[in-house]
Structures are given as C-alpha cells and as structure tokens.
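1. Sequence and predicted model, in that order:
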Amino acid sequence: MARLRYVNPDLGDTETLGPLVERIREQRSGKLLELYRMLLHSPPVADGWLHLGTAVRYQAALDGRSRELAICRVGQLNGARYEWDHHVPLARREGVSEEQLEALSDWPSSVHFDARQRALLAYADAMTRDVAVPDEIFDPLTEHFDEREVVELTATIA
C-alpha cells in the first residue's frame, strides 16, 4: 500500500513532466509503472532512476539471470513485496528456475544454486544486511565475476 499518492501526469505540470513521462514510457515498453508514478514527485529523482535502471537492465555486462536473482533476493530480504512481484516474472524469463525461486530464502543449504550463484547471493545478503562486506564473502565473488560485473552487481543490489 502506497504511503504517498501516485502522480497522475495528466493532471500535473505537463510542461515539466510531459517529456520525462514520454521518455519513461519509451524506455519501459510504453508503461508508466507505479514506481515511476511515485518517483515523479521529484522529476530529477525519477530521471536519475530511469537512467540507472536502463544502465543496469539494458546496458550492463552482468547477465540478466544474475541481475534478477540478486534483485529477487534483496526484495525477499527487505520484505519488498512490490519488488518481488515485479521481478519474479523477469527472473523466470532470464532463466531463474522455479526451484531456485522457491529455495531462495534458504539458499545456503539448497542444492539448486551453483558456486557463482552462491557467491552472488552471499554478496547480496551481506550488502543488504550489514552493508560492510567481509573479505571472505567478497573474495569468492571476484572468482566468478569480473570488475565491471562486480560494479554492476553492486549497483543492482544497492
């Protein structure tokens, strides 16, 4: 349930919001998701979020399966139902299995994740729960992801 009202761009300052709303729709398959309707309370934040989201989702070297697995785990850890509901279908499309989605809350003891995914999930857990990531979690990550992918994964988790 939203704590702030959603912006209706048709009723607002169309001179300011119009071009931004059009850019959002162009880059998001013609849709104006509730996320953006909320962010439009601050056009600079909405614009920055659009740029970051586009970079992470469409311009990154990090594969979509890893990206969506990380996003789903962060959503799960934070109890962010909106994030989970919107990203589970994307995760499935990117190749995350039903077994992995079902086992995500207990990934350390699950047989459904390979070493690369385990390194990613440990990193997502550490970043989300503790912010400071210890070497024993970061070092295995760099065995599976190059520097660019680590930066992109960090931005995705953050």
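-> Alright, I've got the coordinates. Numbers count the residues shown, from 1 in each chain.
2. E68 - nearest residue in space that isn't next to it in sequence?
-> Counting by C-beta to C-beta, 6 or more residues apart in numbering, A91 is the residue found nearest to E68 once chain neighbours are left out, at 3.8 Å. Bear in mind the C-beta positions are built from the backbone N, C-alpha and C, glycine included.
3. can you pull the pLDDT of that neighbour?
-> For A91, the model assigns a pLDDT of 98.
4. Can you give me every residue that contacts it?
-> A91 makes contact with R65, E68, L69, I71, C72, L101 under the criterion C-beta atoms under 8 Å, 6 or more residues apart in numbering.
5. wait, isn't the second one in contact with V96?
-> Yes. The pair E68 / V96 is scored as a contact, 5.8 Å apart, by C-beta atoms under 8 Å.
6. picking that back up, mind checking which of the contacts of A91 land in helices?
-> When helices are assigned by DSSP state H, the members of the contacts of A91 inside them are R65, E68, L69, I71, C72, L101.
7. Pull the number of nearby residues for F113.
-> 19 (other C-beta atoms under 10 Å).
8. typed the wrong thing, it's L153
-> Other residues near L153 number 23, with proximity taken as other C-beta under 10 Å.
9. show me where this structure has helices.
-> If you assign secondary structure with DSSP H, the helices in the chain sit at 14-27, 34-39, 43-58, 64-78, 81-93, 98-103, 115-129, 135-144, 147-157.
10. These: which one's closest to Y6?
-> Between Y6 and the helices of the chain, the shortest separation by C-beta to C-beta is 4.0 Å, and it involves helix 34-39.
11. before we move on, the earlier item: I'd like the helices of the chain as CSV, with distance to V7 appended.
-> As requested, those are exported to CSV (distance: least, C-beta to C-beta, whole Å):
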stretch, distance to V7
helix 14-27, 7
helix 34-39, 5
helix 43-58, 9
helix 64-78, 23
helix 81-93, 16
helix 98-103, 32
helix 115-129, 28
helix 135-144, 38
helix 147-157, 25
